[in-house]
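Test case, fold it:
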Amino acid sequence: MSTIITPEYIMNFERDMRFVMTNAWSRTLKKLWWQRLMLLETTGSASQYIEWMLETARIQPLGPKGASMPHDPLVAVSQELTHSHFGNGLQLFRPDIEDDKVARAPKWAADTGSAQAYWPQRLLVQAMQQGKTNRAFDGLPFFGEHFVNPYDTTGATIANRRKYSNLHIGTGFTAENLMRVTAYIESIQHPGGAPMGALPTLLVFPSNFRYRANQVLNAESYTDILNSAQAAAATNIVKTAYDFEPPVIAAELNNEPTVWYIGVPADQDAFDGAFGYLEREAFSINSYSPLDQASLANVNVFEWKNRGRNGSFYGLPYRFHRCEASGSQPSYLTSLTL
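Numbers count the residues shown, from 1 in each chain. Sure, this is the predicted structure:
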């Protein structure tokens, strides 16, 4: 049966494609986890500056009669965020539409809707796995050592300046290591000396960790998760004294089967997070519906283009930590008494 390409036909065709695309987007989004880790920042320009204020307030003795008043520095860390163009398209030739050979269009629409929903997570996984080389706002690799105050050079040598690390080698996933890393994250301080208040409740694993993660997080006693020498029938404190969220099991991380992550979920209200998604233009598809019959008659190749402008960025390193099984565990972890 021959199809006559009219404005009404194009309007209905595009309506059906958008319906399929929206449904696929919604179904896919429900299965994803990037929202638990990424901040969302929108912009109307070619780039966007963001900043985080460092908590530098420190109450100190004022000296005799309160005569000496120290002034706290107002310190902010900032970075310029940029975005890029991304997209894909569907091309249909006029004879294919006229001969009703458009069965692939709904599949393309469904796949594109799913890809739109998944795109931020794809960028997040790249940022996580490239974080040992990609730089944070302080110019240092995101996963590694960072100074508590990147701008504090007052009198202290670099070796003596306060710092922390969010890369922990020799730290395979065990109950003991989970408790050690958690305690370490909770001990990281603001420049002013107070604890950051970081409460790591989010764990991210490759899918081969599924059994071990469930064992460590949900076992009733240590008997199932510790060596026999340590395995008195004590209650599993990981289950009873910690407040971990259901972990993320991510097949995208299976190429690093001995690496796991722990961190603080993104707080959009306070704009605190380890990663972010910058959106200049949400993904959208062009339309031929505004064309009249005379204009449509001149179109021999119909191209529906899905376009978006976006990017990802690194946020606050202390909020997300990478743990690797290989290597020797650093002393700042081995020295912790559990």
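
Could you pull up the mean pLDDT of the longest helix along the chain?
In the chain, with assignment by DSSP state H, the single longest helix is helix 104-129. Across helix 104-129, pLDDT averages out at 97.

what's the answer for stretch 205-212, then?
95.

can you pull the buried residues of that stretch?
Residues of stretch 205-212 classed as buried by neighbour count (16 or more other CB atoms under 10 Å): 205, 206, 209. (C-beta placed from N, C-alpha, C; glycine too.)

And the lowest mean pLDDT element among the helices and strands of this structure?
Within the chain, confidence by mean pLDDT, DSSP states H and E is lowest for strand 47-54 among all helices and strands, at a mean of 79.

Sheet-wise, list the partners of it with their directions.
If you go by DSSP bridges, strand 47-54 pairs up with strand 75-82 (antiparallel).

first to last residue in stretch 30-42, what's the distance?
One end of stretch 30-42 to the other measures 22 Å (CA to CA, to the nearest Å).

for the stretch 1-150 of the chain, which spans come out with low pLDDT?
1, 55-56, 66 (pLDDT under 70).

Helices of the stretch 101-250 of the chain, residue ranges please.
Under the criterion DSSP state H, counting those that start in this stretch, the stretch 101-250 of the chain carries helices at the ranges 104-129, 175-187, 210-218, 237-241.

related to what we said a few turns ago, just the buried residues of the least confident helix or strand of the chain, please?
Buried residues in strand 47-54 (16+ other CB under 10 Å): 48, 50, 52, 54.

beta partners of the first one?
Right, the one you point to is residue 48. The partner residues for residue 48, given DSSP bridges, come to residue 81.

so it touches residue 276, yeah?
No: counting by CB atoms under 8 Å, residue 48 does not reach residue 276; the two are 10.1 Å apart.

any common contacting residues for these two?
Residues touching both residue 48 and residue 276 by CB atoms under 8 Å, 6 or more residues apart in numbering: 41, 81.

and the buried residues of stretch 205-212, which of them are in strands?
Members of the buried residues of stretch 205-212 lying in strands (criterion: DSSP state E): 205, 206.
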